[in-house]
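Visitor: please work out how this folds:
(chains A, B and C)
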Amino acid sequence: MAKKTYVFSVIEIIEVGIMKNIKWKCVIVCICCICYIILKTISCYAQNTPWHWILTLRGDASRKSMDMPYSLYVDKATSRYYVVDTYNNRLLSFSKKGKFLHAFSANQKLKLPMAMIHDSNGILWIVERGKNALVKINLKTKAINVFHLKFHSMELFPDRMHEYNGIIYLLDKMTGNIYAFSKELKLLYCFKAPNSSLGFIDFKVMRGALWALAMEDQSIYRFNLNGDLIKVIHLSKKMEFPYSLAIGPTGMIYVADRHKNCILVFDGSGEYRYSFLNLGQDRGKIYYPSEIDFDPWGRLCIVEEGNGRVEIFGR
Amino acid sequence: MFIATCSYAKVTGQCSNCHTMHNSQNGLSVSKNGPNEELLKDTCIGCHTGTNDGTNNTPYVLSISPPNYGVNGTGTTGNTLAGGNFYWVASSGGGNDRCGHNVQGISPIDATLGLTPPGGSPLSTELTCAGTNGCHGDRSIQDQYKAIYGAHHAHVDSGWQDGSTVAKSYRFLLGIQGMEDPKWEYHPDQYHHNKYYGVDRSTEADVSGTISHLCAECHGYFHHGTGQIAPDIPHGVWLRHPTDFDMNDVKNGTEYQYYNGGTGVDNPYSVISPVATSDTSTTLNTVVYHQSGDAIVMCLSCHRAHGSPYPAILRWNYKAWPGPGGYNGCAVCHTAKN
Amino acid sequence: MADCMGLISRNKHIIKIILSIIICVVVILYSYNSFSFSKNICFKCHKRSQFAGKVIHPPVAKGECVVCHNPHCSKYKGLLRYKEAELCYSCHKKEKQIFTNGIEHEPVRKGQCLTCHNPHSSNFSYLINGKLSNRCFKCHKKLIRHFAYIHPPFRNGNCIACHDPHHANNSLLLKASADDICFSCHKKIKMLKVHKGFPCNNIGDCLSCHSPHGSNNKYMMRKYLHKPYKESCSICHKKGKVTAEDCLRCHKDISKKLLSIHNHLLGAHGNGCIICHSPHAGDSKFLLRAPQVLLCRKCHEDTYERNQDSLYVHPNISNCAECHQVHGSSRLAMLKEDGNKVCTRCHETQGKFTHPIGAQARDPRTGQEMTCVTCHHPMGTNYKYELKLSGKEDLCIQCHRNY
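Guide: Residues are numbered from 1 along each chain as shown, chains lettered A, B, ... in the order given. The predicted structure follows:
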């Protein structure tokens, strides 16, 4: 009887032990799984650099998507994004949170708009490739003025456009130079690319300087606003097709490589730091980026021609 | 990387196994029947032709070589599935119109019946697999491919099919409920078979959602009617063999009590002469006479849906019984008459 | 005996060291001898006379066959120790570093040194496997060789007078700029006298008029002459530089094409036209400066590099203008038409029966119209039919996620 009891007790102990062990094993396995998940998330996040997707600007309320959007303008005063939906001959406005607001086509009179600015007087300036002109639209009076710009009797082919302190800066595809005009369209300055035979491909004006990207020699030319060349920054990493640049809040240089479909980051002296994003159609991937720029809230905006959208990334 | 939410679709494998984007390969067409809007490489029967061996992922409802209809000729131990096999009605199998449904692409129109199904109204074309003149898919849609569109991908194998969509219907029969055997009743037994849905009726009015109702959509007179029935169900004179009728109502003191050799309580389910149930849980009905509504006679108690070696697509060879090769499946229920 | 054993056990470590040294020496000696071993053994079957030539590769001259060959077995043809280029670069290390700069000649890029060189011996310098021009023309079959007026280096088969056979910083593999090469023989001072009256009293851009191989025109002038050039220089050369506007004044149809989202109106100090076109003479009626594929490659080298090793490439890939609108286009990638029409011009069947495309079929990821180029990338991919991903499943599930 004692033996039986002893055996029974042993069995009981073994059973309890196994059960306890199973319980603890389950607990340990669960903790390991949770740790793995957390670590994996962190490592994924780390691999993908400090930028993360915030929002996407797509088409309009009727779900008509953008088609070959070329550039973006951000109005800090009204906290609005304006996307130049080039192939659809319209401008789309979005709120800061990405909500579609309005589509503007000037009564369908726009012809391949490429760039726009919206100045404080309620005037819209639009570069229209279809007319090869700079168009001035007074939104209040609805007056439209078309200007074919010339430089020394040579017709300009305006491409990119920015405004800074009331001056309009235009990139001319004919010469590859950048010209500064007053609002009365009087030519003020010319920013020339001395060494690069193909001229500039993009530029930004900020903090009292004009930064221009030359594709052929893959350099950034920094000018003062009088047109004097201050510095040439040679970018240390060879890119396939540098197409657009942006200057970050801390002075880092961001260049969109249109064919490699990524963004390369350089420090102020042109030393390569890292790159992020790659080719694709999903969120967080890009396809034929046409312009990159920082909005007033420090977010990096990427206009993607191929995907018909603007993706906004934040740190 | 996180736990993905995904549904386990019925079809698996590479997309290119079934689909062709341009119907062109090495300068030749891929689809023998011409391009179709669903970019399919073949027709329904083209994909569902083959020999079942228990490992195939696609159920084969037509075999080119004679299928094995199993021991006793009851189609439960061979290589045919729940619906049987179209072999015997197809031209390659002898072309016996009485041994299967005459489906377009499988066999010519029934030489005797034409386009009129027994007990029903004429169809506008030969019977198709799906669509308005078919069984599977949405029978309100003419085109049979459109009728079944998306179902193969959206289907979930397990659980009760509530008939709400084509993908969620029993065997893509829109509106029909049931639970599907994952092997399509390849070598079924008491514990591995389809769970058919039936409703116990006290009148001869039609009911929806049952497997018998599906048959009745074409063979209506064999299932329901008015003004032509015995007034005193379950007693009185039967005009038609009962369907959607629960044997629980009449089992006590009758031959039906001994269904499939049982005692009248928890009788083993028969895969030779199966019954439907009105229980919509996911518990398989392995026994009959366990609860009310679990012994419902249905069309498939005696017939196969696609084809069998026997006239009237009977599940067993009653005509040859009691001779060798014959079998009296009727006696599974009519236990006093064997 | 016992004393011996005791001695051994006490000095075990020293004995071990001595034994190791002996083994090493034997191995080294054997290895050394194996080199000289081959001097006698290899040439017993492989007659030395087969490797006699004016120029002999040093390892062969020394009889050190095993420097390159494994005498027993190898997974490479010719019983080589390593893959072709890997083997060559194991000695020619400096060349490896140099050749990878700029654009590599295709055999160099593919590591196929033996396309041109004989690894054993040759009667020609640099171990060229036969006469130099014969090697060049073996691949460059389409080059026209017979002209009324032939440039002597070309006639003499001295291709490397102008071209670098390994690498260069230009797609024509010229050793230096074209003008520098020309003036290295045809002194500029002398040429100025011959080209009297030229605008700006200067000469340059020799290849815009002259063909460097040969021509049926005197002075090796290229086949087709630009009409103003034929008639009078002053038609274009007025005051100041000749700009793109001057070109477009006549070529009005091109002017319209430039009014597209993307155009090839490049800076080039006011005249982007002459980047691709010669304003004077050319060998094609469009006066292109070079064969199309080489011309586009001048700027789009990255596209070629990215796709050159792809397994599946569209057969017509060298004819860029077949699909791309070279002056200006409002389509993505400067295609001639949208991503469907440009393909179905030739692929009619695939255009008729296809996965849904067009305005009614939208890519769920981007809302853009589905086109042929949503799935296919004709420039080159590693998937059959130039698909972007495997057509069996991977590509489909990019959009059909739930399947």
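
Visitor: now do the phi/psi pair for the closest residue to chain B within the stretch 51-200 of chain A.
Guide: Here the stretch 51-200 of chain A gets closest to chain B at one residue, A:His52, 15.7 Å apart by C-beta to the nearest C-beta. The way it works is simple: take the backbone N, C-alpha and C, and place the C-beta from them, glycine included. Torsion angles at A:His52 (phi, psi; degrees, to the nearest 10) stand at phi -130, psi 150.

Visitor: how many residues are close by it?
Guide: 11 (other C-beta atoms under 10 Å in any protein chain shown).

Visitor: again, but for A:Lys192
Guide: 19.

Visitor: is the residue in the stretch 151-300 of chain B that chain C sits nearest to in a helix, a strand, or coil?
Guide: With C-beta to the nearest C-beta, the shortest gap between the stretch 151-300 of chain B and chain C falls at B:His153, namely 4.8 Å. State at B:His153, reduced to three classes by DSSP: H, G, I helix; E, B strand; the rest coil: helix.

Visitor: number of nearby residues for it?
Guide: B:His153, neighbours per other C-beta under 10 Å, totals 15.

Visitor: repeat that for B:Cys47.
Guide: 17.

Visitor: tell me the phi and psi of it?
Guide: phi -80, psi -30.

Visitor: not counting sequence-adjacent ones, nearest residue to whichever residue of the stretch 1-150 of chain A sits closest to chain C?
Guide: Closest approach between the stretch 1-150 of chain A and chain C, counting by C-beta to the nearest C-beta: A:Ser65, at 3.3 Å. Among residues not flanking A:Ser65 along the chain, C:Gly367 sits closest, at 3.3 Å (C-beta to C-beta, 6 or more residues apart in numbering or on different chains).

Visitor: correct me, but that neighbour touches A:Asp67?
Guide: No. When contacts are counted by C-beta atoms under 8 Å, C:Gly367 is not listed as touching A:Asp67 (9.6 Å).

Visitor: overlap in contacts, the two.
Guide: Shared contacts of C:Gly367 and A:Asp67 (C-beta atoms under 8 Å, 6 or more residues apart in numbering or on different chains): A:Gly308.

Visitor: so B:Arg56 makes contact with B:Cys47?
Guide: Careful, residue B:56 is Asn and not Arg. No. Counting by C-beta under 8 Å, B:Asn56 does not reach B:Cys47; the two are 11.2 Å apart.

Visitor: around chain C, pick out the residues from chain B.
Guide: B:6-7, B:9, B:11, B:13-17, B:19, B:21-24, B:35, B:39, B:153-154 (C-beta under 8 Å from any C-beta of the partner chain).

Visitor: buried ones among those?
Guide: Listed as buried from the residues of chain B next to chain C are B:9, B:11, B:15, B:21-24, B:35, B:39, B:154; burial here means 16 or more other C-beta atoms under 10 Å in any protein chain shown.

Visitor: now go through those and say which are in strands.
Guide: Counting by DSSP state E, no part of those is found in strands.

Visitor: from chain C, which residue is nearest to chain A?
Guide: Closest point on chain C to chain A, by C-beta to the nearest C-beta, is C:Gly267, at 2.2 Å.

Visitor: which residues of chain C fall in strands?
Guide: C:55-56, C:103-104, C:121-122, C:149-150, C:167-168, C:214-215, C:224-225, C:262-263, C:281-282, C:328-329, C:358-362, C:369-370.

Visitor: distance to chain B, mean neighbour count and mean pLDDT for those - can I get that in JSON lines?
Guide: Output for the strands of chain C, formatted as JSON lines (distance: least, C-beta to the nearest C-beta, whole Å; neighbours: other C-beta atoms under 10 Å in any protein chain shown; pLDDT from 0 to 100):
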{"stretch": "strand C:55-56", "distance to chain B": "50", "mean neighbour count": "15", "mean pLDDT": "92"}
{"stretch": "strand C:103-104", "distance to chain B": "35", "mean neighbour count": "18", "mean pLDDT": "91"}
{"stretch": "strand C:121-122", "distance to chain B": "45", "mean neighbour count": "17", "mean pLDDT": "93"}
{"stretch": "strand C:149-150", "distance to chain B": "45", "mean neighbour count": "15", "mean pLDDT": "95"}
{"stretch": "strand C:167-168", "distance to chain B": "40", "mean neighbour count": "18", "mean pLDDT": "94"}
{"stretch": "strand C:214-215", "distance to chain B": "42", "mean neighbour count": "20", "mean pLDDT": "94"}
{"stretch": "strand C:224-225", "distance to chain B": "39", "mean neighbour count": "17", "mean pLDDT": "94"}
{"stretch": "strand C:262-263", "distance to chain B": "29", "mean neighbour count": "22", "mean pLDDT": "95"}
{"stretch": "strand C:281-282", "distance to chain B": "39", "mean neighbour count": "22", "mean pLDDT": "94"}
{"stretch": "strand C:328-329", "distance to chain B": "26", "mean neighbour count": "19", "mean pLDDT": "96"}
{"stretch": "strand C:358-362", "distance to chain B": "12", "mean neighbour count": "12", "mean pLDDT": "90"}
{"stretch": "strand C:369-370", "distance to chain B": "11", "mean neighbour count": "20", "mean pLDDT": "94"}
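
Visitor: got those as a markdown table, with distance to chain A columns?
Guide: Converted to a markdown table, these look like this (distance: least, C-beta to the nearest C-beta, whole Å):
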| stretch | distance to chain A |
| --- | --- |
| strand C:55-56 | 37 |
| strand C:103-104 | 13 |
| strand C:121-122 | 37 |
| strand C:149-150 | 32 |
| strand C:167-168 | 16 |
| strand C:214-215 | 28 |
| strand C:224-225 | 25 |
| strand C:262-263 | 7 |
| strand C:281-282 | 20 |
| strand C:328-329 | 9 |
| strand C:358-362 | 7 |
| strand C:369-370 | 8 |
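
Visitor: redo those as JSON lines? Include distance to C:Leu311.
Guide: Shown next, in JSON lines, are the strands of chain C (distance: least, C-beta to C-beta, whole Å):
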{"stretch": "strand C:55-56", "distance to C:Leu311": "38"}
{"stretch": "strand C:103-104", "distance to C:Leu311": "20"}
{"stretch": "strand C:121-122", "distance to C:Leu311": "35"}
{"stretch": "strand C:149-150", "distance to C:Leu311": "40"}
{"stretch": "strand C:167-168", "distance to C:Leu311": "25"}
{"stretch": "strand C:214-215", "distance to C:Leu311": "38"}
{"stretch": "strand C:224-225", "distance to C:Leu311": "38"}
{"stretch": "strand C:262-263", "distance to C:Leu311": "29"}
{"stretch": "strand C:281-282", "distance to C:Leu311": "35"}
{"stretch": "strand C:328-329", "distance to C:Leu311": "28"}
{"stretch": "strand C:358-362", "distance to C:Leu311": "28"}
{"stretch": "strand C:369-370", "distance to C:Leu311": "25"}
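
Visitor: that concludes my questions; thank you for your assistance.
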